[in-house]
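Asks: sequence? don't have it. structure:
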């Protein structure tokens, strides 16, 4: 079967199930987001026949509704974009600032991904700006989108101006992103510089509380979206779940749902103000779904697709023929990369083997161990990483940037630590999957290391005494600062995307650090 065949099957299932448009779009986006750019079509939804027309008709019928704080535990004044059927396609949160001059702070605005590009963002922002005019109030927002990007220009086209246009350039760096909208109903002589400055200082005091409420609101909405997607998937595969028969496509879609859910769970755990009150356990996954074997990678070709291998030709020439001819089959058949996360999971299982994996295993683990595979070739240990096809161009850029980083950091010590680059050796593209080959290093990802230090009892006690986490974070921050100073003009995103590996005894799950009288050093840090 080809990818196009899979799209046809999903289209038929959606039509047969009678799923609502928003739910159908959410399922399609979640499942095929990595695959959409493989299609040569004016709209990715053309593959689902008539879906684009239905989207257009739905967008034309939307309305904006406003909700006051306090309703349904709302902390903000909220605008929502509703379809004629009552589905929510986007929302805007704002907070009234009561002091000095009438002012509303735009906290957050979002349109559902499937419905972006149809003018709904402009529509809800215009409603907000009309509201400001009616209230004779000023609008303020913290526009973190870089100047020059299309989303940034949405605000400037609508009449928002930089804060500096009102109070000059002599402002703290943390205020550089702020923009202001002054409706015609506001007398500009009331907008004196001192009032705006006082508003921003007052906003700074409230920022953490605002972020807490915004995070809480986002978590509630997202959990509801996950619940809706899950129910739609069950609806689409109702007959198979009843009969106990599963197909690769069905397993792929439920696996994608599960990995997305786990990723969201990891993100909310670190959010300001998240207490676990909105638990993902609210999504009741049936046992019959949990018993499905996972299908974490794509199996489907696209006619005349540009598959291939890029990178170190010397290594490429020496690889096994089967790996070069059938990359997906070969790589996915390799053993899992043995890492602390995996060891911790195995300790809690009666059987020390985890293959084949089920949906229930992923939920227990909280991560997908199939993404990293070990590969030994000609006496050298390597790691294959499966990444989203969406990041293919970014990976190609990263490979080039890492060569520059390696040259710049050669011979430099940071806090007594040697910095090494673990370059991308080869990039494989096959059947909608992207695999990256690197050498295996004697360390683990810095975030995994910090997680181990925070959660494993003997490591927590060790860290309490000597502060390993502080040494790791400080060293990595110092390296980032060096790179920003050197490459700040052209490689901002590449620097943000870099990952850091710290020395670690994986088998014994213990950091390899050097403890001195005055400080702790890491010996080596690898940048990838």
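Replies: Good, I have the coordinates. Here the structure is a predicted model, which is why all the values come from computation and not from measurement.
Asks: And the next helix or strand past the host helix or strand of residue 81?
Replies: Element membership of residue 81, judged by DSSP states H and E, is strand 77-82. Following strand 77-82 in sequence order, the next helix or strand is strand 88-97 (DSSP H and E).
Asks: got the contact list for the helix or strand that comes right after that next one?
Replies: As assigned by DSSP H and E, the chain's next helix or strand after strand 88-97 is strand 103-111. Residues outside strand 103-111 that contact it (C-beta atoms under 8 Å, 6 or more residues apart in numbering) are 76-77, 81, 89-97, 120-121, 124-125, 128, 131-132, 135, 137-141, 199, 203, 210, 214, 218. Placement of C-beta: from N, CA and C, glycine included.
Asks: ok, of those residues, which come out buried?
Replies: 76-77, 81, 89-95, 97, 120-121, 124-125, 128, 131-132, 135, 137-141, 199, 203, 210, 214, 218 (16 or more other C-beta atoms under 10 Å).
Asks: Listing partners with orientation, what would you give for the strand holding residue 81?
Replies: strand 63-67 (antiparallel), strand 88-97 (antiparallel) (DSSP bridges).
Asks: Any idea which of those gets closest to residue 229?
Replies: With C-beta to C-beta, the closest approach to residue 229 among the strands paired with strand 77-82 belongs to strand 88-97: 14.4 Å.
Asks: Between strand 103-111 and the closest one, find me the angle.
Replies: 160 degrees (axes from the mean of the first three to the mean of the last three C-alpha atoms, to 10 degrees).
Asks: what sits up against strand 88-97?
Replies: Residues contacting strand 88-97 (C-beta under 8 Å, 6+ apart): 22, 58-59, 62, 75-83, 103-112, 115, 120-121, 124-125, 127-128, 140, 199, 202-203, 210, 214, 217, 221.
Asks: can you give me how far it is from the chain middle?
Replies: 22 Å (C-alpha atoms, centre = their mean, to the nearest Å).
Asks: State the mean pLDDT of that strand.
Replies: The average pLDDT for strand 88-97 rounds to 91.
Asks: Touching, residue 131 and residue 102? I think so.
Replies: No: the pair residue 131 and residue 102 fails to qualify as a contact (C-beta atoms under 8 Å) at a distance of 11.5 Å.
Asks: Stretch 384-398: end-to-end distance?
Replies: Here the two ends of stretch 384-398 are set 16 Å apart, with distance taken as C-alpha to C-alpha, to the nearest Å.
Asks: going forward can the numbers begin at 856, since that is how I track them
Replies: OK, 856 is where the count begins now, so the last one is stretch 1239-1253.
Asks: So which bits of that stretch are buried?
Replies: Buried, per 16+ other C-beta under 10 Å, within stretch 1239-1253: 1239-1242, 1244, 1247, 1250, 1253.
Asks: List the backbone torsions phi and psi for residue 877.
Replies: Dihedral angles of residue 877 (phi, psi; degrees, to the nearest 10) stand at phi -60, psi -40.
Asks: could you say which helix or strand contains residue 1114?
Replies: Element membership of residue 1114 [criterion: DSSP H and E] is helix 1103-1123.
Asks: Name all residues that make contact with residue 955.
Replies: 1050, 1053-1054, 1057.
Asks: scratch that, residue 1087
Replies: By C-beta under 8 Å, 6+ apart, the contact set of residue 1087 is 872, 874, 878-879, 881-882.
Asks: could you check the distance from it over to residue 878?
Replies: 4 Å (C-beta to C-beta, to the nearest Å).
Asks: The spatially closest residue to residue 1242 that is not a sequence neighbour is in what secondary structure piece?
Replies: Using C-beta to C-beta, 6 or more residues apart in numbering and skipping the chain neighbours, the partner closest in space to residue 1242 is residue 1289 (5.0 Å). Assigned by DSSP H and E, residue 1289 falls within strand 1288-1294.
Asks: Where in this structure is the helix or strand with the lowest mean pLDDT?
Replies: helix 906-915 (a mean of 74; mean pLDDT, DSSP states H and E).
Asks: Pull the residues that contact it.
Replies: 866, 876, 879-880, 898, 900-901, 938-939, 944, 969-970, 973-975.
Asks: And stretch 1213-1229, by the same measure?
Replies: Under C-beta under 8 Å, 6+ apart, the answer for stretch 1213-1229 is 1109-1110, 1113-1114, 1117, 1120-1121, 1140, 1144-1149, 1151-1152, 1186-1187, 1189-1194, 1196-1197, 1200, 1203, 1209, 1212, 1236-1242, 1295.
Asks: quick one: buried residues of it?
Replies: 1213-1218, 1220, 1222-1228.
Asks: How about stretch 1111-1126?
Replies: Those would be 1111-1114, 1116-1117, 1119, 1123, for stretch 1111-1126 by 16+ other C-beta under 10 Å.
Asks: Tell me the one of these nearest residue 1181?
Replies: Nearest to residue 1181, judged by C-beta to C-beta, of the buried residues of stretch 1111-1126 is residue 1111 at 22.7 Å.
Asks: so what's that closest one up against?
Replies: 885-886 are the contacts of residue 1111 under C-beta under 8 Å, 6+ apart.
Asks: which one is residue 1107 nearest to, not counting chain neighbours?
Replies: Leaving aside its sequence neighbours, residue 1107 sits nearest to residue 1150 (C-beta to C-beta, 6+ apart; 4.2 Å).
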